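Trainee: no sequence on this one, just coordinates:
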């Protein structure tokens, strides 16, 4: 596919436009002449009057950028208390896995800065800032109690609502709650630094979803570039040795059959190992979802080959996750 990217790019862009039209989202990050720029994430949408940004949460009215959600006063989200231990991406290296009787405050944001055709949590697109789940950062923090060990922001993706998540984190940190993130890493670098510091100070971690290494493949699968993601991962990974136990930084990759193969995993792992060979790396089994519902599950053979590629690239702490999703046929094993 990478060799034919110039030929295939229009088909990929059409697929993203069609998937987003189902939810009244713009087909690509808008770049409207004389519009207003939103600096909160890597897409840097330039939004015209009554137009929506790529995440669906910003528009322009009366010549000003309006935030429909994602501010400290308005977060578009669902939340729940998830008993520990839970199926955290970092469960084999995080402290929460040892905290039976406590819970994680799971915060599912209803927006995202990417458009993954294989999205495993695509239902966030059904949430609307006009109709669903609006909660202030203070209200969210008040949902914690004496049994709340940690908070984890995911979705969707917290990168689309960082001002809200950071405001909630400030209050939760003051209550002794560990702050963790699962993110595609597209937020503005200053917002990443703030998130990273809350995790450092509270004993939490930031889990980067590194979907692909080659930019062309990332564009095909997610509709956006991964340049900011890799830059932000580098910023975080340079701090990894400040706290290895529990690890400050963790990464994961979803093994999408036919797309995210051992070659991609090896490239990601080499990039990670250039900062530290000890950064934990989870390889996740894929389940057919959303616009890629016609794909097979990740096979056990594919997962083992990807794991071997990550080790060969220099990482020492690699784990195959979501094993229950792997195809364990005789052919795949």
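Mentor: Yep, that arrived. The model shown is predicted, which means the values in this text are computed figures rather than measured ones.
Trainee: Quickly list the domain ranges of the protein.
Mentor: Using automatic domain parsing, the domain parsing of the chain gives 2-67, 75-325.
Trainee: just those domains: most buried one?
Mentor: domain 75-325 (a mean of 20; mean count of other CB atoms under 10 Å). C-beta coordinates here come from the backbone N, C-alpha and C atoms, glycine included.
Trainee: which residues touch residue 39?
Mentor: Contact analysis of residue 39 by CB atoms under 8 Å, 6 or more residues apart in numbering lists residue 188.
Trainee: so which strand or helix has it?
Mentor: Under DSSP states H and E, no helix or strand contains residue 39.
Trainee: ok, back up a step: output the domains of the chain in CSV; the columns should cover mean pLDDT.
Mentor: Conversion of these to CSV gives the following (pLDDT from 0 to 100):
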stretch, mean pLDDT
domain 2-67, 95
domain 75-325, 96
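Trainee: and the most centrally placed residue in the chain, what does it touch?
Mentor: Centroid-nearest residue in the chain, with CA atoms, centre = their mean: residue 183, separated by 2.7 Å. By CB under 8 Å, 6+ apart, the residues touching residue 183 are 153, 154, 157, 158, 159, 195, 206, 207, 208, 209.
Trainee: so what's the fourth one closest to, chain neighbours aside?
Mentor: With CB to CB, 6 or more residues apart in numbering as the measure, residue 165 is the residue that lies nearest to residue 158, at 4.7 Å, once sequence neighbours are left out.
Trainee: I figured that neighbour hits residue 195, correct?
Mentor: Yes. Between residue 165 and residue 195 there is a contact under CB atoms under 8 Å: 7.3 Å.
Trainee: joint contacts of these two?
Mentor: Common neighbours of residue 165 and residue 195 (CB under 8 Å, 6+ apart) are 158, 181.
Trainee: Residue 229 reaches residue 186, doesn't it?
Mentor: Yes. Taking contacts as CB under 8 Å, residue 229 lies within contact range of residue 186: 5.9 Å.
Trainee: so what sits against both of these two?
Mentor: In contact with both residue 229 and residue 186: residue 42, using CB under 8 Å, 6+ apart.
Trainee: next one: the helix or strand containing residue 179 to chain centre, how far?
Mentor: Assigned by DSSP H and E, residue 179 belongs to strand 178-183. Centre-to-centre, strand 178-183 and its host chain are 10 Å apart (CA atoms, centre = their mean, to the nearest Å).
Trainee: contacting residues for residue 316?
Mentor: Applying CB under 8 Å, 6+ apart, the residues near residue 316 are 277, 278.
Trainee: Oh, that last question was meant for residue 47, not what I typed.
Mentor: Counting by CB under 8 Å, 6+ apart, residue 47 touches 30, 32, 35, 36, 37, 38, 53, 58, 59, 60, 65.
Trainee: farthest-separated two in the residues you listed?
Mentor: Within these, 37 and 59 form the most distant pair, 13.2 Å apart (CB to CB).
Trainee: Sketch out the helices for the stretch 201-333 of the chain, chain order is fine.
Mentor: 215-222, 227-237, 262-273, 300-312 (DSSP state H, counting those that start in this stretch).
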